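Peer 1: When you get a sec, could you give me coordinates for this:
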Amino acid sequence: MKNTERTETRKSEILNIAESLFIEKGYIHTTINDILIKSGISKGSLYYHYKSKEDILDDIIKRIGDKKIEAANHIAKTKGIDAQTKFLQAIFSLNSSDDRQAQLTTDLEKSSDGQMFIKSLADIVLRLAPILLIIVEQGISEGVFTTVYPLETVEILLCAAHALFDNGNLAWMPEEQKRRLSAFIFITERALGAQEGSLTELSQMAMPDEGE
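Peer 2: Numbering: from 1, shown residues only. Got it, this is the predicted structure:
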């Protein structure tokens, strides 16, 4: 195995162990020594890969976000799809279809005393906003979006979506979730200068029928 592969394997092992400890004990109460004991690696080896517990959390957040970013990037670059459809697909690529991953994110947010939420918000905005900007600019060229602040609008919408729908401390009831999604669509249409009702499909995709 090459050195690079060994490094990535060891880092992945550290992240897996740290994830489980953060969920079990809470991020605040987990120490570097806890990670060392459970992983069985030396302090020198751990500090070679990560300088602090915060660095480990940062990489956990990045790893969680990687699949979402990859999915959104693929959507943005796909040819033959109109901007409104792309925008809807990209927004929904943020919602994990993996129940375990979704639960992991919720548990980490609750156990990290808000640090997970703040860091993941920054990660999503910094990495995803430029991708959604490509879609919005396509929509402007198609004449379905009209905004003079495309990047800023995307950043604000991402912050709102993350705070409302990816916040482990907010446990909405189904009807409450549906109303907030409807409001989010209402605001998104106006923020992007889209025709009223043109993004209503968003609510249908987000809130499938109970029988499905």
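
Peer 1: Can you list the low-confidence ranges for this protein?
Peer 2: Applying pLDDT under 70 to the chain flags the ranges 1-3, 95-107, 109-113, 167-170, 201-212.

Peer 1: Quick one: the helices in it, in order.
Peer 2: 3-25, 32-39, 43-49, 53-77, 83-92, 99-111, 115-142, 150-165, 174-192, 201-206 (DSSP state H).

Peer 1: Same list, those helices, but as CSV with mean neighbour count please.
Peer 2: Every residue, glycine included, has its C-beta placed from N, CA and C. Formatted as CSV, those follow (neighbours: other C-beta atoms under 10 Å):
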stretch, mean neighbour count
helix 3-25, 15
helix 32-39, 16
helix 43-49, 13
helix 53-77, 17
helix 83-92, 20
helix 99-111, 16
helix 115-142, 18
helix 150-165, 18
helix 174-192, 16
helix 201-206, 16
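
Peer 1: Gly26 and Ser52: what is the separation?
Peer 2: 17 Å (C-beta to C-beta, to the nearest Å).

Peer 1: neighbour-wise, which of the two wins?
Peer 2: Set side by side, Gly26 and Ser52 show more neighbours around Gly26, with 15 against 10, by other C-beta atoms under 10 Å.

Peer 1: give me the number of residues near Trp172?
Peer 2: A count of nearby residues for Trp172, using other C-beta under 10 Å, gives 14.

Peer 1: now do Lys51
Peer 2: Neighbour tally, Lys51, other C-beta under 10 Å: 10.

Peer 1: what's the spacing between it and Ser20?
Peer 2: Lys51 is 21 Å from Ser20, by C-beta to C-beta.

Peer 1: per-domain residue ranges of the chain.
Peer 2: 1-51, 58-206 (automatic domain parsing).

Peer 1: where's the first one relative to the chain centroid, distance-wise?
Peer 2: What separates the centre of domain 1-51 from the centre of its chain is 23 Å, taken as C-alpha atoms, centre = their mean, to the nearest Å.

Peer 1: Could I get the contacting residues of Ala194?
Peer 2: Ala194 makes contacts with 84, 139, 144-145, 188, as judged by C-beta atoms under 8 Å, 6 or more residues apart in numbering.

Peer 1: now with 6 Å?
Peer 2: With contact set as C-beta atoms under 6 Å, 6 or more residues apart in numbering, Ala194 has these partners: Phe145.

Peer 1: check contacts around Leu121.
Peer 2: The contact partners of Leu121, by C-beta under 6 Å, 6+ apart, come to His162.

Peer 1: Next one: it relative to Gly65, how far apart?
Peer 2: Distance from Leu121 to Gly65, by C-beta to C-beta: 11 Å.

Peer 1: What of Lys79?
Peer 2: In terms of C-beta to C-beta, Lys79 sits 25 Å off from Gly65.

Peer 1: try Leu88
Peer 2: Following C-beta to C-beta, the distance that separates Leu88 from Gly65 is 20 Å.
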